[in-house]
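Participant: Give the three-dimensional model of this entry:
(2 chains)
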Amino acid sequence: MELPLLERARSGDDAFPLVVAVDAGDGLMASLCGVGAGIALPAPPKEGEQYRFHFDMTKCIGCKCCVVACNEQNGNPAAIQWRRVGEIEGGVYPHAVRHYLSMGCNHCMEPTCLTGCPVDAYTKDGVTGIVRHSADACIGCQYCTWNCSYGVPQYNPERGVVGKCDMCYGRLAQGQLPACVNACPEGAFLIETVNTAEWRREYEVKANSPGMPPADDSLSTTRITLSPRLTPDVRKVDMNRLRPEHPHWPLVVMTVLTQLSVGAFAAIWLLELVSARAHRAAAIVALAVAMLALGASTLHLGRPIHAVRALKMWRRSWLSREVLLFTLFALAAQGYALALWLGLHGSRLLGGLTVLFGLCGVGASARLYVVPGRPAWRSPFTILEFVLTVALLGSAGANVLYGAPGPARAAMAAAAVSVFVCGAAKMIWLARSPMHERRGTFMLLMSDLSNLLALRAALLVAGLLLLVMASAGGSAVAVAMVALFAGGEFVGRYLFFVSVVPANMATEYLSAEAA
Amino acid sequence: MKTLDWLKRKSGLDIAAEEYRYGEDPVLGYTASRKHADGWVNSTCGYCSVGCGMQLGVRDGRVVSVRGNPDHPVNQGKLCPKGLAEHYAIEAENRARYPLLRKQGELVRVRWDEAISALVERLRAVQTKYGGESVGVISTGQLVTEEFYALGKLVQLGLGTRNYDGNTTLCMSTAVAGYKRSFGSDGPPGAYADLEQADVILLIGANVAENHPILCMRLEANHKKTLIVADPRVTKTAMMADVYLPVKPRSDLALVNAMIRVVMKEGLCDMAFVERHTTGFDELRASVEPYTLEHAATITGLAPELIRKTALLYGKARSAFIGWTMGVNHSTKGTETVNAINNLALITGNIGRAGAAPFSITGQCNAMGTRETGFSSSLPGYRKFECEEDRRELAGIWNVPVERIPAERGLAYPDIIEAAVAGRIRALWIIGTNPLVSFPNVDVLKQALGNLEFLVVQDGFHPTPTTELAHLVLPAAIWGEKEGTYTNSERRVSKVNAAVAPQGEARSDFEIFMAVAEKLGCGEELYPSWHGPADAFDEWRRVSAGRLCDYSGMSYTALEENGGIQWPFPEGADRHPAEPARLYGDGRFATEDGRAKLHATAWAPFPEQPNKEFPLILNTGRTVEHWHTRTKTGGIPILQRMSPRAWLEMNPQDAQGLGLSPHDRVEVVSARGRVSGVELRITEIVAPGQVFLPFHFAETNANQITQSAFDPISREPNYKQCAVRVERTPHAQRRNQ
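Facilitator: Below is the predicted model of the structure:
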């Protein structure tokens, strides 16, 4: 039934009139939240154009009619707001300046939600340029919620899928104004058409605003009319509101365990190469860990039953690539373990493939966290951390298998020290960052999360001490070191997820979550 | 089956697609299907007094959506966020659904007849023991006019007590008193259209962007205006201003007097108007003499030149509008300030013309209705208790002996409470209000209620802090469940309709009053052959005929057809019902000599000045998401989500001095009590030395610290200023919690 807008327009389907004449008196044009008296829809975009929002800061009085109207239009629960109103403030009394930003989706020209999506649930509409999301296609991985620096896509736990503002596509198609535009008593919004080539030249001046993340991340198309009263110190009012993010437990488990498994297979394979010993039992354990990790990852999805769809967009999405590479890793690992058990020829080749896919998987896994919406993740530190986890846990595993002091211990020591140095360097980098989100991560780690940070460091140091002191040691000591280092990595990964301060538009001063 | 559904949901097979389906609706357009209605009922919003026209979408006996009525002249289809979510109030969890009577200390569900009997018997018992006037009634601005009219008769003629007042004394009595003193009658003289037509709009202590956002449409539509906003806090409205006057708290009276002085000195008075239509000009001139620019600058904190510029802007405007709300009213000098505002309008002839009015922007949806019909601060139809002719006229209409009409008003709200503390009031009937959150210095109120032998609370919501103390709770129908009329700020009478049946066993206040009258044995006398609100409206039309608030030309049908009609609208009126109406266009005022009275006024500092122990000035106010004490909005998820709790605004200078950080939890302490655990907002929108706390939240009730100081004329509390100190909440140094 749902024809793409372009086809409908071209086929002359009267559901989408090519020239939209808005008659405010027409019953059809009336909306849930009033009529847009005097506000007209522009004609559908021509070649090289798209629709966009225009938001006039000088007219917005922060009444939040648009927020309620949007929720009513879309039948969303109160916890989900596809349109939000944020506050920015600056100046000195009585010359204080306060303004509001009302934002839905910015229908970006380079939408990061879309490029990251592993299942192709997002489309950029060919005629209108509206970034649309299909709830049917979505598997609820929530990757888009990290990719968007405006916090636009929001996960609906009731449905298990994400949703977002589609500029009331369905209304536009009927010649009706979006609910927010209709509801605004001040006429602070308009729908406009924009020439995309022109916008590439203009957006830096016209899409940016205090309280908004830089428009460069995804080339936001929302035109913002700034207030002439803005002073240079105007900024978000919710700047100091720091709270730990969701831990994403399945992902904590999944990332650490895949890295443990990849490290273990690397150890097994290297030992096989070096000492020609087949660590069959170890391979089974490492395989079990890998399967557990991959199983755990599906629990993160809102729609685990459709997990396999995540393979779809491997050409574009790092999440798809991660899933693909870890699937190949798991398949190779099964073959490798089987080969070791049966003593088959070619086990070394299979081992090599396992390690190759595993390491590439870890790389993709790390790379996918380098996203605009999570500034503290958006750095080479993330890649380094993930790789070092492989090195640390892999060398600790090798030490269990190898038994005697030797290269495994040396590697373990080097990895542990590297983890420590990397962690310390990251803290310094966060603390000195000009981005308030990154400094926020540092502040969270030093305040609310400081006990866990200390625990993470203590586990690492304890492992190192054990390594130095128990110079001979039996397998019990070796296993204890694996436990200490793995424990440290779990705590570290938990902190990775909870300490990140999302990029976002300015929001309200009080947060409902902390109520 | 449940397990299967859960599994389907958890596995991701089911994404609740049906509930989140969209579809085309003939009225709403393309929307979420769950919002689609089978039928639409026109009504008027039940929150504030802007009086927006609404349509309630009903499906299967439930209101599933609301929309602004696109044809209504007040709001042209727009609604504020409260209005857009108003339908959620009907089925809110905290609705009162059954009559509850306290037995052995517990509120237990009883039948209506037992509840009504208990009410009548217990009130009568108290009256027998302590006298007729030992019973007090405190009502509201939330009922329909028909109910106010019925209630007034019931209390004064049926129960036989004059000690009857409304919570309107907590917000509008100052404007009422000021209007009566200046013009001889209550009644805001302008129309909303004036906001679109004025050259200069001066808003004093009125944060319309927060509290009356739909009026901002009018400001936005007026491109030629100069908007001047006087407010100690840089409110959302202040941000809209062309000229912002950051006055010191409660210095407005000095500002207005200084403006009058400038206007007089500069010869900007409309002397023709003054001479023909006012008295007291010379006394006024003498009284403003001390308010030189320098003196006013000291009081207001404004630069002398800014005061002069403001006065010249106002004085030279062809049409100038002054709007005010609680910044003026919530003050021991409120009535005088209203008079000063009226003085300024009168001497410049800015009244009764398009764009020109001294305009009190009312609070509650039907505060105006109770003022017109209420029988509390005046007799119905703005008649005066002390006027024998008025009493005779009423007695004649009602066919009762004139002696039954009181010749003097009873106690005002704060005085009823004081009388309860003193043991002179022994029983209270509280209707549609929540004084445990809204009354100043709440400890005094608690003492008063604790003294009572019988407390009845009639409300749409339970539990509220007030119903929890009641001996009897009567569940009332609310907006969307009953019929009648509301009058808005511009005197527009609009129709209110029932879309659905009341929740549970709740009844409309009208039915409750009828039942009480029946039980009292005066049903037929008070309400002769009445069956519903339409009968009350008919009688009220006759009572109002010939008065300033003349309804006699109106009918329910005409109100529906025109999106409300502004009074006066006498029978045979030559004005088209849709035409904007203004009072005093002919220069004839409701005083005995037909002239408006110019009153000399004198500024004085607010009663409780900051001191060493309490160095900060507390200001109180509202936020757009909530209504009054949140009995109605606190149960609406989207509003609660957008504004989950109270906050305290403090200037960075003060916060630095106290070593406080953003989001700290703090205590606000006055000589009377403390508010605990408020989230701190450090901001330049309040001046150093001042703090601001919203009053909506029972959990952090601002009225635990406000004071018992009342305007001597209007009896309105001085909510807006008192001395406090702020300290960190112990053991709560963690942010964000």
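Participant: got the contact list for the residue in chain A that chain B sits nearest to?
Facilitator: Nearest residue of chain A to chain B (Cβ to the nearest Cβ) works out as A:Arg303 at 2.4 Å. To be clear about C-beta, it is placed using only N, CA and C from the backbone, and glycine gets the same treatment. By Cβ atoms under 8 Å, 6 or more residues apart in numbering or on different chains, the contact list for A:Arg303 reads A:138-140, A:160-161, B:11-13, B:15.
Participant: switch to 6 Å and redo it
Facilitator: By Cβ atoms under 6 Å, 6 or more residues apart in numbering or on different chains, the contact list for A:Arg303 reads A:139-140, A:160, B:12.
Participant: Next up, phi/psi of the closest residue to it other than its chain neighbours, please.
Facilitator: Computed as Cβ to Cβ, 6 or more residues apart in numbering or on different chains, the closest residue to A:Arg303 that is not its neighbour in sequence is B:Gly12, at 2.4 Å. The phi and psi torsions at B:Gly12 (degrees, to the nearest 10) take the values phi 100, psi 10.
Participant: Could you pull up the contacting residues of B:Gly12?
Facilitator: Counted by Cβ under 6 Å, 6+ apart, B:Gly12 has contacts A:160, A:303-306.
Participant: Give me the pLDDT for it.
Facilitator: pLDDT, B:Gly12: 92.
Participant: returning to that earlier point: nearest to A:Leu465 among the contacts of A:Arg303?
Facilitator: A:Leu465 lies nearest to A:Gly140 out of the contacts of A:Arg303, by Cβ to Cβ, at 43.1 Å.
Participant: What confidence value was assigned to the closest one?
Facilitator: 97.
Participant: does it count as helix, strand or coil?
Facilitator: coil (DSSP: H, G, I helix; E, B strand; the rest coil).
Participant: Which residue comes closest to it once chain neighbours are left out?
Facilitator: Going by Cβ to Cβ, 6+ apart, A:Gly140 has A:Gly302 as its nearest residue, at 2.0 Å.
Participant: got the phi/psi numbers for the one you found?
Facilitator: Per-residue torsions, A:Gly302: phi -70, psi -20 (degrees, to the nearest 10).
Participant: ok, it - contacts?
Facilitator: A:140, A:160-161.
Participant: What of B:Ala198?
Facilitator: Counted by Cβ under 6 Å, 6+ apart, B:Ala198 has contacts B:225, B:319, B:321, B:355.
Participant: Tabulate these (a markdown table), appending secondary structure, neighbour count and pLDDT.
Facilitator: Listed next are those as a markdown table, based on DSSP: H, G, I helix; E, B strand; the rest coil; neighbours: other Cβ atoms under 10 Å in any protein chain shown; pLDDT from 0 to 100:
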| residue | secondary structure | neighbour count | pLDDT |
| --- | --- | --- | --- |
| B:Lys225 | coil | 23 | 96 |
| B:Ser319 | coil | 19 | 97 |
| B:Phe321 | strand | 27 | 98 |
| B:Gly355 | coil | 25 | 97 |
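Participant: helix, strand or coil for the most centrally placed residue in chain A?
Facilitator: Nearest to the geometric centre of chain A sits A:Trp146, at 2.0 Å (Cα atoms, centre = their mean). Put simply, A:Trp146 is helix when judged by three-state DSSP.
Participant: Tell me how many other residues surround the residue nearest to B:Gly61 when sequence neighbours are not counted.
Facilitator: Of all residues not flanking B:Gly61 in the chain, B:Val500 sits nearest, at 5.8 Å (Cβ to Cβ, 6+ apart). By other Cβ atoms under 10 Å in any protein chain shown, 18 other residues sit near B:Val500.
Participant: before we move on, which element is B:Val500 in?
Facilitator: B:Val500 is part of no helix or strand when elements are defined by DSSP states H and E.
Participant: what residues does the stretch 501-650 of chain B put near chain A?
Facilitator: B:624, B:637-638, B:641-642, B:644-645, B:647 (Cβ under 6 Å from any Cβ of the partner chain).
Participant: Would you write a PyMOL line that selects the buried entries of these?
Facilitator: Selection of buried members from these for PyMOL, criterion 16 or more other Cβ atoms under 10 Å in any protein chain shown:
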select buried, chain B and resi 624+638+641+642+644+645+647
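Participant: Closest one of the residues of the stretch 501-650 of chain B next to chain A to B:Arg672?
Facilitator: B:Trp647 (21.1 Å).
Participant: Surely the closest one touches B:Arg681?
Facilitator: Yes: using Cβ atoms under 6 Å, B:Trp647 makes contact with B:Arg681 at a distance of 4.8 Å.
Participant: Pick out the most distant pair among the contacts of A:Arg303.
Facilitator: Within those, two members stand farthest from each other by Cβ to Cβ: A:Ile139 and A:Gly160, at 8.4 Å.
Participant: Tell me how many other residues crowd the spatially closest residue to B:Ala698 that is not a sequence neighbour.
Facilitator: Excluding its sequence neighbours, the residue lying closest to B:Ala698 (Cβ to Cβ, 6+ apart) is B:Val437, at 4.8 Å. Using other Cβ under 10 Å, B:Val437 has 24 other residues around it.
Participant: any idea which element B:Val437 lies in?
Facilitator: helix B:435-438.
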